[in-house]
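Visitor: Sequence first, then the predicted structure:
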Amino acid sequence: MNASPTTIAFAGGLLTAGYAIAGLFFLRFWTRTRDSLFGVFALAFWLMALNQALPIVMGIPREEQSPAYLLRLLAFLLIIGAVLRKNIGGGSAER
Amino acid sequence: MTGPALVYTLCLAASALCAGLLVRAYLRGRSRLLLWTALAFVCFALNNAFLVADMVLFPTVDLWPWRQATAAAGLLVLIYGFIWEAQ
């Protein structure tokens, strides 16, 4: 990797904040609509935030060099599970 | 294929499917919020594609800037859409 550790940390922090903010928006949508899709998306985006932050905090340059990449897998499994359930089930707002 | 490469390939498939479903939903409903969300997930799918390319296809090429740029673009588009379009 050609980027300096400072650049890597800055970019990682920026993305961590972005994912966390997106997760907050999804949480807000969930509190308004009670649609579980938004709740799952909030959780998934916060997992992505953690996925960005952990390698930086642990001093690992690339996420694939640590188990942190499994957080990305979990996040996308949650997302696709919720989306498929929504499309196949055809459900809208949940109880 | 290593564990991380396999995981990133799965993430690519999931994000591409998600992007496709969102684009289809936008084309049906023409909601602006759906437009921004669909565009964001297209960027996330590109991010996963660059991850796979970085690990599997071009291991000697540093694709880190492209990985971060696509993730940042997706987040910018998503948050913009949430702020300006969500009621």
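Guide: Cool, the structure landed. Numbering: from 1, shown residues only, chains lettered A, B, ... in the order given.

Visitor: which ones are touching residue 45?
Guide: Using chain A. A:19-20, A:22-23, A:26, A:75 (CB atoms under 8 Å, 6 or more residues apart in numbering or on different chains). The way it works is simple: take the backbone N, C-alpha and C, and place the C-beta from them, glycine included.

Visitor: that answer is for a different chain, and I need it for chain B
Guide: B:12, B:15-16, B:18-19.

Visitor: so where does A:Ile60 fall, helix or strand?
Guide: Using DSSP states H and E, A:Ile60 sits within no helix or strand.

Visitor: tell me which element the residue in chain B positioned nearest to chain A is part of?
Guide: The nearest approach of chain B to chain A comes at B:Leu75, 3.5 Å away (CB to the nearest CB). If you go by DSSP H and E, B:Leu75 is part of helix B:64-85.

Visitor: May I ask you to name the longest helix in the chain?
Guide: By default, I'm working from chain A. Secondary structure of chain A per DSSP state H: the longest helix is helix A:5-33.

Visitor: nope, chain B
Guide: Scanning chain B for the helix with the most residues, using DSSP H, yields helix B:3-29.

Visitor: Next one: the helix or strand of chain B with the lowest mean pLDDT, is it in contact with chain A?
Guide: Here the helix or strand of chain B ranked lowest by mean pLDDT, DSSP states H and E is helix B:3-29, holding a mean of 88. Yes - residues of helix B:3-29 contacting chain A under CB under 8 Å from any CB of the partner chain: B:4-5, B:7-8, B:10-11, B:14-15, B:17-18, B:21.

Visitor: anything in the longest helix of chain A near chain B?
Guide: Yes - counting by CB under 8 Å from any CB, chain B has neighbours in helix A:5-33: A:8, A:11, A:14-15, A:18-19, A:21-22, A:25, A:29.

Visitor: Quick check on these: which are buried?
Guide: Using 16 or more other CB atoms under 10 Å in any protein chain shown as the burial test, the residues of helix A:5-33 next to chain B include A:8, A:11, A:15, A:18-19, A:21-22, A:25, A:29 as buried.

Visitor: Now the two most distant members of those.
Guide: A:Ile8 and A:Phe29 (31.9 Å; CB to CB).

Visitor: Quick check: next helix or strand after the longest helix of chain B?
Guide: Heading C-terminal from helix B:3-29 (DSSP H and E), you reach helix B:32-52.

Visitor: got the buried residues for that next one?
Guide: Buried, per 16+ other CB under 10 Å, within helix B:32-52: B:33-52.

Visitor: Distance from the chain centre to it, please.
Guide: Centroid separation for helix B:32-52 versus its chain: 3 Å, with CA atoms, centre = their mean, to the nearest Å.

Visitor: Nearest to A:Arg34 among the contacts of B:Ala45?
Guide: Lowest distance from A:Arg34 to these (CB to CB) belongs to B:Cys18, with 21.7 Å.
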